[in-house]
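> Here is the input, now give the coordinates:
(chains A and B)
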Amino acid sequence: DAKTTQPTSMDCAEGRAANLPCNHSTISGNEYVYWYRQIHSQGPQYIIHGLKNNETNEMASLIITEDRKSSTLILPHATLRDTAVYYCIVPSPHYGGSQGNLIFGKGTKLSVKP
Amino acid sequence: DVKVTQSSRYLVKRTGEKVFLECVQDMDHENMFWYRQDPGLGLRLIYFSYDVKMKEKGDIPEGYSVSREKKERFSLILESASTNQTSMYLCASSSEYSGRAGYDTQYFGPGTRLTVL
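So this is what the prediction gives:
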């Protein structure tokens, strides 16, 4: 998998936008960027993914730079329930067959404060 | 919405016991996975399955086995539980390769926190 680097932790005020950066300078042309989050004591939750265009869904927006070496996950109006560890992942096929393996790094611990 | 359920949220077993962890998904996904998560080590893949009765070893298969007799169900078996298998176990599923960079979104269950005494 392409290596990703994220800040260890970030704080955000409730109601404000949370912007979580991720560097993936070794990403190859056909590799996607995925974001997951994990709320304490729960399983990881898929948020969004993208290749080169910006993406938006009901949870978040993903902005990918033109050179694809970095991206930013945006939670437009953070709530206390968004407090979690956010993982930026660039998976690639790893085993026989087509299914890639998810490598979760340390992620960014986002704390949303009242 | 995809739903992945796991048989227990918390489980306490004794050393040497045989332990079954069950995972069920309701989205007709072909692929299913078992991970364990430990502090400082992140998620590590134990086994995965891309079809009924098919299985592939992940990064840390030792001490575990799996069973996939039906498409919706993937079981993780600890033949003889040991204290170093105390961990959070996470099951995930995903649909078949879609042509997008050899990977598709994985959906996770809530996890089973297993303690082996």
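> Can you classify residue A:105 as helix, strand or coil?
Of the three states, residue A:105 takes coil under DSSP: H, G, I helix; E, B strand; the rest coil.
> tell me, how many neighbours does it end up with?
16 (other Cβ atoms under 10 Å in any protein chain shown). Just so you know, the C-beta spots here come from the backbone N, C-alpha and C atoms, and that holds for glycine as well.
> likewise residue B:56?
Residues near residue B:56, counting by other Cβ under 10 Å: 16.
> My read is that it contacts residue B:66, right?
No - Residue B:56 lies out of contact with residue B:66 (Cβ atoms under 8 Å); the separation is 9.4 Å.
> At which residues are the strands of the chain located?
Reading this off chain A. A:9-13, A:18-23, A:33-38, A:45-50, A:55-56, A:61-64, A:70-75, A:84-89, A:108-113 (DSSP state E).
> looking at chain B here, not the other one
Counting by DSSP E, the strands of chain B are B:4-6, B:10-13, B:19-25, B:31-38, B:42-49, B:56-57, B:64-70, B:73-78, B:87-94, B:107-108, B:112-116.
> want to throw the strands of chain A into CSV with mean pLDDT, mean neighbour count and distance to residue B:42?
Shown next, in CSV, are those (pLDDT from 0 to 100; neighbours: other Cβ atoms under 10 Å in any protein chain shown; distance: least, Cβ to Cβ, whole Å):
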stretch, mean pLDDT, mean neighbour count, distance to residue B:42
strand A:9-13, 97, 14, 16
strand A:18-23, 98, 20, 16
strand A:33-38, 93, 24, 10
strand A:45-50, 92, 18, 16
strand A:55-56, 94, 15, 25
strand A:61-64, 97, 19, 22
strand A:70-75, 97, 20, 19
strand A:84-89, 95, 23, 9
strand A:108-113, 97, 17, 14
